[in-house]
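Trainee: A structural model of the following input is requested.
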Amino acid sequence: MLSAAKEKLAKRMAGEIALSDDPGKTMRKWREIFGVTQTDLAKRLSVSSSVLSDYEGGRRKSPGSTTIKKFVEGLLELDEGKGGKVIHAFGRMFSTDLSTDAIMDVREFSVPKAISVLCDSVDGEIVANEDLMNRPIYGYTVIDSIKAILEMSADEFLRLYGWSTERALIFTKVDMGRSPMVAIKVKGLKPSAVVVNGPKKMDEVAIKIAEIEKIPLILSKIPSIDMLIKNLRSISD
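Mentor: So this is what the prediction gives:
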């Protein structure tokens with residue numbers, strides 16, 4: 001399964017970089033998803049760190065197919081050397097069909113977005129950890145909170161994260177906001193941000209959990225779920 005997941009992931013990475021309007025930022029996104037420093041990747045590719053820095057900063061022209069291939073292979077090889085954490089996560093995400101009404105929308109960003117950008121798109125009010133709003137995220141998952149909490153197993157819940165926890169989990173149909181935060185605390189994996197849509201006022205326990213776990217918590221005031229998803233998709237296109 002590892003080789004199949006690796007091949008699918010390699011194609012996705014290469015395609016995103018080649019088709020991106022800003023290939024350098026997309027390269028940086030993938031490097032950060034893999035948790036690899038410029039120094040370590042440059043050493044693996046036998047180039048200087050400044051070369052990678054110039055690509056990521058847009059100071060070099062768009063990388064050609066050979067450079068993209070080496071970049072992707074380098075990240076995958078480094079990940080395999082550390083046990084294949086990202087490759088395995090990608091494999092788990094796509095190895096079986098997660099057909100559930102609990103997941104209403106899932107998107108990966110071609111380039112990272114600041115949490116503040118996502119907050120604006122959902123007409124959000126920051127209720128915890130405002131100082132972390134510049135943290136980058138790489139995607140989001142919109143969730144029917146009632147179905148997710150009542151129907152999804154622990155393994156299925158973890159797959160809401162895609163292959164990176166550096167994303168926003170957006171819970172809809174929320175009454176007070178406590179249940180999603182309790183579920184996140186119990187499951188043991190922390191998203192980069194949590195958005196709740198539904199309550200007029202955030203539950204104090206939910207805010208406290210967010211503060212303890214250092215997770216930016218946002219109250220979305222958009223009245224319609226359809227509008228919420230439409231606005232989110234506008235920042236991912």
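Trainee: so where's the protein uncertain?
Mentor: Within the chain, the set of residues satisfying pLDDT under 70 comprises 1-2, 92-100, 153-165, 188, 237.
Trainee: please parse it into its domains.
Mentor: Structural domains assigned to the chain are 2-92, 98-236, following automatic domain parsing.
Trainee: name the SS class of the residue nearest to residue 126 when sequence neighbours are not counted, please.
Mentor: Sequence neighbours aside, residue 218 is the residue nearest to residue 126 in space, at 5.8 Å (criterion: Cβ to Cβ, 6 or more residues apart in numbering). Bear in mind the C-beta positions are built from the backbone N, C-alpha and C, glycine included. When classified by DSSP: H, G, I helix; E, B strand; the rest coil, residue 218 comes out as strand.
Trainee: is residue 218 in contact with residue 123, as I believe?
Mentor: No. Residue 218 is not in contact with residue 123 according to Cβ atoms under 8 Å; the separation is 9.7 Å.
Trainee: ok, the two, which is more surrounded?
Mentor: residue 218 (28 against 16; other Cβ atoms under 10 Å).
Trainee: the closest residue to residue 205 other than its chain neighbours - how many residues pack around it?
Mentor: Distances taken as Cβ to Cβ, 6+ apart place residue 178 nearest to residue 205, at 5.1 Å, with adjacent residues excluded. For residue 178, the count of nearby residues is 19 (other Cβ under 10 Å).
Trainee: who are the contact partners of the residue nearest to residue 126?
Mentor: 115, 118, 119, 122, 124, 125, 126, 127, 193, 194, 195, 196 (Cβ atoms under 8 Å, 6 or more residues apart in numbering).
Trainee: and if you look at residue 28?
Mentor: Counting by Cβ under 8 Å, 6+ apart, residue 28 has contacts 56, 112.
Trainee: residue most distant from the centroid, this structure?
Mentor: Distance from the C-alpha centroid of the chain, by Cα atoms, centre = their mean, peaks at residue 46 (29.2 Å).
Trainee: and the gap between it and residue 82?
Mentor: The gap separating residue 46 from residue 82 is 20 Å, by Cβ to Cβ, to the nearest Å.
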